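Undergrad: no sequence on this one, just coordinates:
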């Protein structure tokens, strides 16, 4: 559960080895649910290894979107963009502002230069963190 003091930040990135499909558009589909479960676990593992870990409470994937990969690879279909909302409880003794620049660098380092998140390959230029 989140407390009334919870704050949020968004995380956006693109997965290059998960072709976008209509099943990912439907929040009631089995593929949507399975993919969000895997991503939640991977994001939890990732953020538990960053400076935000004492305040981090979880991430939820809110949408998948088509991310055209051209002109890099005409052979592949569209990549899958991921939009997630993460929550944290700011420590009253610490600054309540999220240092998104520091967090971005930590996530970059923990994802091998924004190339992999668990079983997923990432578009190296797609990571965006907004506090």
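TA: Okay, I see it. Worth saying up front: this structure is predicted, and the values here are computed from it rather than measured. Numbering: from 1, shown residues only.

Undergrad: From the contact counts, what lies against the longest helix seen in the chain?
TA: Using DSSP state H to define each element, the chain has its longest helix at helix 30-47. Applying 3 or more C-beta pairs under 8 Å, 6 or more residues apart in numbering; DSSP states H and E, we find helix 30-47 packed against helix 22-25, strand 56-67, strand 79-88, strand 116-117. Glycine gets a C-beta too; all of them are placed from N, C-alpha and C.

Undergrad: what's the spacing between the longest one and its chain's center?
TA: With C-alpha atoms, centre = their mean, to the nearest Å as the basis, the distance from the averaged C-alpha position of strand 56-67 to the chain average is 6 Å.

Undergrad: Spell out which residues sit in contact with the closest residue in space to residue 82 that isn't next to it in sequence, please.
TA: Excluding the flanking residues, the one nearest residue 82 by C-beta to C-beta, 6 or more residues apart in numbering is residue 13, at 5.5 Å. By C-beta atoms under 8 Å, 6 or more residues apart in numbering, residue 13 lies in contact with 81, 82, 114, 117, 122, 123, 126, 127, 128.

Undergrad: Residue 13 belongs to a strand?
TA: Yes: assessed by DSSP: H, G, I helix; E, B strand; the rest coil, residue 13 belongs to a strand.
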